[in-house]
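Trainee: need a 3D model of the sequence below.
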Amino acid sequence: MPPSQNGRVGSFLRTTFLRRFSSLLDAFPTGLHAIDRNGRIIMVNKRELEMLGYSEAEMIGRPFTDFIVQDQRAAAWSRFQQKLRGEKPEQTGDRLIVTKHGEQRYVTSKDTIYRDHRGRPYLIFTALTDITEVKRAQEQRMQQEKLVLAQELAKGVYHDLANLLTGVSGNAELAERLLGQMPPTEQQVKMGESLRTIREGAMRAGDLIARVRLFSRSQQAKVEFQPIMLAEPVRTVLQLFSGLLTNNGHCRISCELDEVLINGNKGDIMDAILNLLINARDAIGTDKPGEIKVVLTAATIEAPLDIVGGGELATGEFVVLSIADNGSGIPAELRDRVFEHGFTTKDQERNSGFGLPRVLATMTAHSGGVVLESEPGVGTTFRLYFPALK
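Mentor: Here you go, the predicted structure:
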């Protein structure tokens, strides 16, 4: 029999063998396909068809590289050619395949090479095991480890910067006071303005550092709601916030905290509290003695209560966090606008106008509400209502 005819008969017998045992191959829990010397698929089992989302007719006869992501195809074809030349043995490795719908999935591939009586490869069986979920879990763990390292770095940076800023703002305030005791001159007025700019810049930087630290703490756990004693995050923020008052001798803070339970997200709640405390501090300023009073208590709403945003709270048991100041107050015509994104009554360079909208979003997410009471020249009170958890 001529060699060419012998080769065709051999190919026919191998194809017939694969088709006859296709039901057995379909029972394998992994994906399986067979490739001829031309790199074309001549058999594929049911599991691989399900994995890729193709029909058998759509895969048979196509190059195996069609089902590998574009940037890995050249390397995969080069390895295939090396196997045909006997330069590369059977191997196990990871590759990224692409499904019919364009989804990329990680697989581990195991090649088995079949040779003819002359030792030449004529068929390569490849088994594919889907490891996408394992890979994604590994990537997620790596990201979490990086985040933990970043959090630890942020803690160290926070302490160092906070100490530096305390020194800067404290010395700037002291210099302002000394200048105020001298007969005013044009030069001294300019110096006073520069010192005030330095002190306010240090204060804004302190606010930013405090927010970064809170973000670092809140990211240590997944953003989930869970039962928490609300006094705990309140105390944490008050301790942090006290560092922002060290150079403001005109402002003091007092608190009355009951131990009450809610279902909430600690990180978001701390961010909302810090926003309100910073607003209270800025409203008081440094021109007169000021006080910020924080009260946490349980309350029963016996009639529907109007809240910011036009809605109302239904009757029931609530936990109320009240933050009051004796600052400048908010004019009646601006009370509805202070919760708009980007709106601020402060210097645009000093405030972005996103603090109070974030507070409102946090309370909405907690199925609660915000009540605002304010009078110009007297002060402002924000009350945050959280549904009580029994």
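Trainee: going by C-alpha atoms from here, please, whenever you check contacts or count neighbours.
Mentor: Noted.
Trainee: hang on, Asp116 packs against Tyr122?
Mentor: Yes. Between Asp116 and Tyr122 there is a contact under CA atoms under 8 Å: 6.6 Å.
Trainee: ok, the two, which is more surrounded?
Mentor: A direct count of neighbours by other CA atoms under 10 Å for Asp116 and Tyr122 places Tyr122 higher, at 16 against 10.
Trainee: count the neighbours of Arg115 for me.
Mentor: The number of residues packed near Arg115 is 12, by other CA under 10 Å.
Trainee: can you check the pLDDT for the closest residue to it other than its chain neighbours?
Mentor: Leaving out its chain neighbours, the residue that sits closest to Arg115 by CA to CA, 6 or more residues apart in numbering is Pro121, at 4.2 Å. For Pro121, the pLDDT comes out at 83.
Trainee: which one's the longest helix in this structure?
Mentor: The longest helix of the chain (DSSP state H) is helix 132-180.
Trainee: elements contacting that helix?
Mentor: strand 104-115, helix 186-218 (3 or more CA pairs under 8 Å, 6 or more residues apart in numbering; DSSP states H and E).
Trainee: repeat that for 6 Å
Mentor: Secondary-structure packing of helix 132-180 (3 or more CA pairs under 6 Å, 6 or more residues apart in numbering; DSSP states H and E): helix 186-218.
Trainee: list the contacts of whichever helix or strand comes after the helix it packs on.
Mentor: Downstream of helix 186-218, the next assigned helix or strand under DSSP states H and E is strand 226-229. Strand 226-229 has contacts (CA atoms under 6 Å, 6 or more residues apart in numbering) with 260-264.
Trainee: which two of those residues have the greatest separation?
Mentor: Val260 and Gly264 (12.2 Å; CA to CA).
Trainee: neighbour count for the two, which is higher?
Mentor: Neighbours were counted for Val260 and for Gly264 using other CA under 10 Å; Gly264 has more, 24 against 19.
Trainee: that one and Pro233 touch, don't they?
Mentor: No. Gly264 sits out of contact with Pro233 when judged by CA atoms under 6 Å, with a separation of 10.8 Å.
Trainee: tell me the secondary structure at Val234.
Mentor: Following DSSP: H, G, I helix; E, B strand; the rest coil, the label given to Val234 is helix.
Trainee: how many residues are close by the closest residue to Leu195 other than its chain neighbours?
Mentor: Excluding the flanking residues, the one nearest Leu195 by CA to CA, 6+ apart is Ala172, at 5.5 Å. Close neighbours of Ala172, defined as other CA under 10 Å, add up to 22.
Trainee: touching, Ala172 and Ser194? I think so.
Mentor: No. If you go by CA under 6 Å, Ala172 and Ser194 don't touch, sitting 9.2 Å apart.
Trainee: sorry, back to before: any idea how far the residue nearest to Leu195 lies from Glu186?
Mentor: Computed as CA to CA, to the nearest Å, the Ala172 to Glu186 distance reads 19 Å.
Trainee: contacts only, for Val234.
Mentor: No contacts exist for Val234 under CA under 6 Å, 6+ apart.
Trainee: let's see the pLDDT reported for it.
Mentor: Looking at Val234, the pLDDT reads 90.
Trainee: make 841 the first number, not 1, from now on.
Mentor: With 841 as the first residue, the last one maps to Val1074.
Trainee: measure it to Glu1215 for me?
Mentor: Taking CA to CA, one finds Val1074 at 25 Å from Glu1215.
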